[in-house]
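Engineer: with the sequence up front, the predicted model follows.
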Amino acid sequence: MKFLSKPTLLIFSFIAIFGLLFVFLINIILETSNSKVYFHSETMDISVTDKFKKENENATNYVNAKNLNDPYQEFSIALDDERIWNLINIKKTYFVNINWESARHDENISNQITTLLRIEQLKK
């Protein structure tokens, strides 16, 4: 029975170690790229509690809102159009359609930033 020489055994050991390391790294990359993103959409009556702007982001206009129906959650709505933002008044009620993304299937929007799809002012 002939054994492999030490240099050959060393080369095979390095190939095996680097092969396992390569498979491990590929597995980590695939796990992070396969993380699911859930897309949510909701219609609700809201009361606007605050308006503000952020100059360093894409969507610079925001309103803070509170859902008037159960569950009574507070969240932010990002507005791309400043003209719409100018027409929204604090302490007024609106019917909105919003959407948002999350890493879980949970539809809790507390402290989330949502995107406005449609808005109508409610008469009181």
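Structural biologist: Cool, the structure landed. Residues are numbered from 1 along each chain as shown.

Engineer: off-centre distance for stretch 109-116?
Structural biologist: How far stretch 109-116 lies from its chain's middle: 9 Å, per Cα atoms, centre = their mean, to the nearest Å.

Engineer: how about the longest strand seen in the chain, which residues are buried there?
Structural biologist: When the chain is parsed with DSSP state E, its longest strand is strand 38-53. For strand 38-53, a neighbour-count test (16 or more other Cβ atoms under 10 Å) marks H40, M44, I46, S47, V48, K51 as buried. The way it works is simple: take the backbone N, C-alpha and C, and place the C-beta from them, glycine included.

Engineer: what does stretch 19-39 give?
Structural biologist: The neighbour-count check on stretch 19-39 (16+ other Cβ under 10 Å) flags nothing as buried.

Engineer: next helix or strand past the longest strand of the chain?
Structural biologist: Using DSSP states H and E, the next helix or strand after strand 38-53 towards the C-terminus is strand 61-67.

Engineer: so what strands line up beside that next one?
Structural biologist: Taking DSSP bridges as the criterion, strand 61-67 forms sheet pairs with strand 38-53 (antiparallel), strand 74-79 (antiparallel).

Engineer: right, and those - which one's nearest S102?
Structural biologist: strand 38-53 (5.3 Å; Cβ to Cβ).

Engineer: partners of the host helix or strand of R118 in the sheet?
Structural biologist: Using DSSP H and E, R118 falls within strand 113-121. Looking at strand 113-121 with DSSP bridges, its partner strands are strand 74-79 (parallel), strand 93-102 (antiparallel).

Engineer: give the bridge partners for Y94, please.
Structural biologist: Using DSSP bridges, the beta-bridge partners of Y94 come out as I46, Q121.

Engineer: next up, the contacts around it.
Structural biologist: Shown in contact with Y94 (Cβ atoms under 8 Å, 6 or more residues apart in numbering): D45, I46, S47, V48, A65, I88, I119, E120, Q121, L122.
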